[in-house]
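Undergrad: structure for this input, please:
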Amino acid sequence: MLYRAAAGAAMASSTWVSSRGSTRAAVAGSASRMHTVAYVTDVEGHKQHWERYVSLSKVLHRAEDGRLKLRDGCGLVYGGDVVDRGSADLQVLRELLALKKDYEGRVTFILGNRDINKMRFKTELDPDYIRATVGSMPLPYWLRRDGAVTYNMFLKEEGGGDSVVNRCKYILRHSMGSPLAFEYRKEELGATATDEDVAQSYRDLVAPGGLIVQYLRQAKLIHRHEDLCFVHGAISERALAFRPQDIGKPKANPKDFAAVYLGYSLNEWMSQWNDFVNQQVREFDESAPAQEAWCVNGGYGTGIPGGDLMAVGMGWHADRSRNPTVVYNNWLKDGKPEPPPPGVAQYLARHGVNFLLTGHQPHGDLPLVIKADPRSNPDPSANPIPNPNPTPNSNPNATAFAVITADTSYSRHTRWQGASAAAASPAAGKAGPDPRD
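TA: Numbers count the residues shown, from 1 in each chain. As a prediction, this is how the structure comes out:
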């Protein structure tokens with residue numbers, strides 16, 4: 001865990017202490033109160049990881065009846081990606097939803113790509129769609145390339161005919177990056193569960209009132225709490241210059257990005273995207289399965305209910321151009337941290353954000369802190385770029401900003417190589433292969 005105790009929102013007075021797990025920020029709103037917000041992300045249904053987090057948490061605890069409780073004065077932000085890589089998908093979903101019900105104003109959900117992509121099951125596992133495409137299931141656009149495993153190749157290897165079970169297995173294994181999810185779900189459902197039960201459980205997730213639908217209905221793309229901002233992946237300049245009303249319009253020139261996002265406030269940008277999510281999920285939930293699967297062509301503007309939100313969850317379009325999303329993005333390049341673009345750091349800091357907390361990309365045993373200088377000119381005597389949209393929390397003279405990326409879901413599952421393997425010991429956290437790979 002990463003702890004921060006700060007007087008007010010002044011970054012200069014922050015004190016940092018770190019230990020393995022997730023992130024916890026203690027923010028003093030005034031001298032008379034302390035509000036503590038915990039951040040955990042990318043549990044992905046991994047039971048041991050979730051239970052270990054709960055046992056270490058200074059914010060959550062289990063009551064005698066096993067129900068999770070929030071401690072007084074505390075809140076929780078879950079950073080997205082609830083399911084896919086462990087045998088506790090349904091448990092984690094139910095426990096998060098129960099926390100939200102019990103402590104609505106103190107629990108926030110962020111949308112991750114693994115939460116959004118489950119929307120595909122509504123059409124792709126629908127019996128009418130399967131009958132209409134039997135023997136010729138269209139491939140998702142990102143699998144139409146040399147070397148990809150086609151559905152027919154999968155059927156020859158798996159055995160059996162075209163069925164809801166085999167489609168569910170194929171989708172999870174080859175187009176959702178969840179190679180063991182079907183088996184994990186069967187384990188979670190119990191010893192008497194059949195393959196048909198597993199496939200039905202995935203359909204149930206996106207049925208009216210389903211667990212994923214409940215999560216999506218209560219989640220945000222972007223959340224802010226005082227000087228903390230949360231997204232699942234990362235905020236690029238292209239993403240900051242992209243709003244829901246820009247869908248279907250010509251792409252902005254990179255040279256014009258700053259001119260675009262300097263024309264509105266951070267709160268306006270966040271509200272527009274969160275309102276977009278609410279509208280997309282409502283339309284999705286209230287509509288029948290589509291006749292065409294969104295994944296076949298992908299992108300924005302398909303007219304498929306929820307399709308634009310599914311597009312937000314992807315990193316690339318069918319033409320292989322980069323999607324300006326805050327979901328499928330990260331702060332690592334070739335495994336090494338990259339600082340945020342100066343324009344992003346400047347914009348967020350001048351709107352009163354000192355820390356941007358994210359997940360999505362697993363890395364090591366500890367949250368990674370990436371510092372950036374939000375001044376357009378590091379010379380302290382230089383005048384900052386004016387903020388055309390000041391808010392009560394604006395800080396035009398901000399001098400410090402940091403990204404904290406906190407997907408530690410692979411912690412204690414290190415594969416040591418070379419000299420490191422010889423030097424590693426159990427006490428140092430050496431472990432075998434990650435069973436979720």
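Undergrad: all contacts plus neighbour counts: C-alpha atoms, from now on.
TA: OK.
Undergrad: pretty sure Ala406 contacts Thr41?
TA: Yes: with contact defined as CA atoms under 8 Å, Ala406 and Thr41 form a contacting pair (7.0 Å).
Undergrad: next SSE downstream of the helix or strand hosting Leu99?
TA: Following DSSP states H and E, one finds Leu99 within helix 89-102. Next in sequence after helix 89-102, counting helices and strands by DSSP H and E, comes strand 107-110.
Undergrad: just checking, what packs against that next one?
TA: Here strand 107-110 touches strand 74-78, helix 89-102, strand 219-220, going by 3 or more CA pairs under 8 Å, 6 or more residues apart in numbering; DSSP states H and E.
Undergrad: Lys371: which of those is closest?
TA: strand 74-78 (21.8 Å; CA to CA).
Undergrad: next, count neighbours for Lys255.
TA: Lys255: 8 surrounding residues under other CA atoms under 10 Å.
Undergrad: how near is it to Ala349?
TA: 21 Å (CA to CA, to the nearest Å).
Undergrad: do the same with His174
TA: 40 Å.
Undergrad: near Asn337, how many other residues are there?
TA: Just to correct that, residue 337 is Pro rather than Asn. The burial count for Pro337: 15, using other CA under 10 Å.
Undergrad: pretty sure it contacts Ile370?
TA: Yes: in this structure, Pro337 is within contact of Ile370 by CA under 8 Å, at 7.1 Å.
Undergrad: check contacts around Phe276.
TA: Contact analysis of Phe276 by CA atoms under 8 Å, 6 or more residues apart in numbering lists Pro244.
Undergrad: now stretch 207-219: buried residues?
TA: The neighbour-count check on stretch 207-219 (16 or more other CA atoms under 10 Å) flags 207, 210-219 as buried.
Undergrad: make JSON lines out of those and add distance to Met119 and pLDDT.
TA: Listed next are the buried residues of stretch 207-219 as JSON lines, based on distance: CA to CA, whole Å; pLDDT from 0 to 100:
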{"residue": "Ala207", "distance to Met119": "10", "pLDDT": "96"}
{"residue": "Gly210", "distance to Met119": "11", "pLDDT": "97"}
{"residue": "Leu211", "distance to Met119": "11", "pLDDT": "98"}
{"residue": "Ile212", "distance to Met119": "8", "pLDDT": "98"}
{"residue": "Val213", "distance to Met119": "8", "pLDDT": "98"}
{"residue": "Gln214", "distance to Met119": "12", "pLDDT": "98"}
{"residue": "Tyr215", "distance to Met119": "12", "pLDDT": "98"}
{"residue": "Leu216", "distance to Met119": "10", "pLDDT": "98"}
{"residue": "Arg217", "distance to Met119": "12", "pLDDT": "97"}
{"residue": "Gln218", "distance to Met119": "15", "pLDDT": "97"}
{"residue": "Ala219", "distance to Met119": "14", "pLDDT": "98"}
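Undergrad: so which of those are in strands?
TA: Mapping these onto strands (DSSP state E) picks out Ala219.
Undergrad: what's the most distant pair in the buried residues of stretch 207-219?
TA: Ala207 and Ala219, at 17.2 Å, using CA to CA across the buried residues of stretch 207-219.
Undergrad: next up, the contacts around the residue most central in space within the chain.
TA: In the chain, the centroid-proximal residue (CA atoms, centre = their mean) is Gly112; its distance is 2.6 Å. Residues in contact with Gly112 (CA under 8 Å, 6+ apart) are 79-82, 232-233, 313, 327-328, 360.
Undergrad: cool, and Val277?
TA: Counting by CA under 8 Å, 6+ apart, Val277 has contacts 220-221, 309.
Undergrad: what is the neighbour count of Arg185?
TA: Close neighbours of Arg185, defined as other CA under 10 Å, add up to 25.
Undergrad: same thing with Pro138?
TA: Neighbours of Pro138 (other CA under 10 Å): 18.
Undergrad: low-scoring stretches of this protein, by residue?
TA: 1-34, 376-399, 410-437 (pLDDT under 70).
Undergrad: longest helix in it, by number of residues?
TA: Counting residues, the longest helix in the chain under DSSP state H turns out to be helix 266-286.
Undergrad: give the buried residues for that one.
TA: For helix 266-286, by 16+ other CA under 10 Å, it's 266, 269-271, 273-274, 276-282, 284-285.
Undergrad: quick check: closest non-adjacent residue to Asp115.
TA: Leaving aside its sequence neighbours, Asp115 sits nearest to Asp81 (CA to CA, 6 or more residues apart in numbering; 5.5 Å).
Undergrad: just Cys295 next, same as before
TA: Pro140 (4.8 Å).
Undergrad: residue contacts, Thr215?
TA: Rather than Thr, residue 215 is Tyr. Counted by CA under 8 Å, 6+ apart, Tyr215 has contacts 93, 97, 109.
Undergrad: quick one: residues contacting the first one.
TA: Just to be clear, that refers to Leu93. Leu93 sits in contact with 82-83, 211-212, 215, where contact means CA under 8 Å, 6+ apart.
Undergrad: quick one: which of these is nearest Thr123?
TA: Of these, the one sitting nearest to Thr123 (CA to CA) turns out to be Ile212, at 14.8 Å.
Undergrad: isn't that closest one right next to Lys118, touching?
TA: Yes: when contacts are counted by CA under 8 Å, Ile212 is listed as touching Lys118 (7.5 Å).
Undergrad: any residues in contact with both of those two?
TA: Joint contacts of Ile212 and Lys118 (CA under 8 Å, 6+ apart) are 205-206.
Undergrad: buried stuff in stretch 140-160?
TA: In stretch 140-160, counting by 16+ other CA under 10 Å, buried: 140-143, 150-151, 154-155.
Undergrad: distance to Gly301 and secondary structure for these - can I get that in TSV?
TA: As requested, those are exported to TSV (distance: CA to CA, whole Å; DSSP: H, G, I helix; E, B strand; the rest coil):
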residue	distance to Gly301	secondary structure
Pro140	17	coil
Tyr141	16	helix
Trp142	18	helix
Leu143	21	helix
Thr150	26	coil
Tyr151	27	helix
Phe154	31	helix
Leu155	32	helix
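Undergrad: JSON lines please, covering the residues you listed and showing distance to Lys58.
TA: As requested, those are exported to JSON lines (distance: CA to CA, whole Å):
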{"residue": "Pro140", "distance to Lys58": "43"}
{"residue": "Tyr141", "distance to Lys58": "44"}
{"residue": "Trp142", "distance to Lys58": "42"}
{"residue": "Leu143", "distance to Lys58": "43"}
{"residue": "Thr150", "distance to Lys58": "47"}
{"residue": "Tyr151", "distance to Lys58": "46"}
{"residue": "Phe154", "distance to Lys58": "46"}
{"residue": "Leu155", "distance to Lys58": "48"}
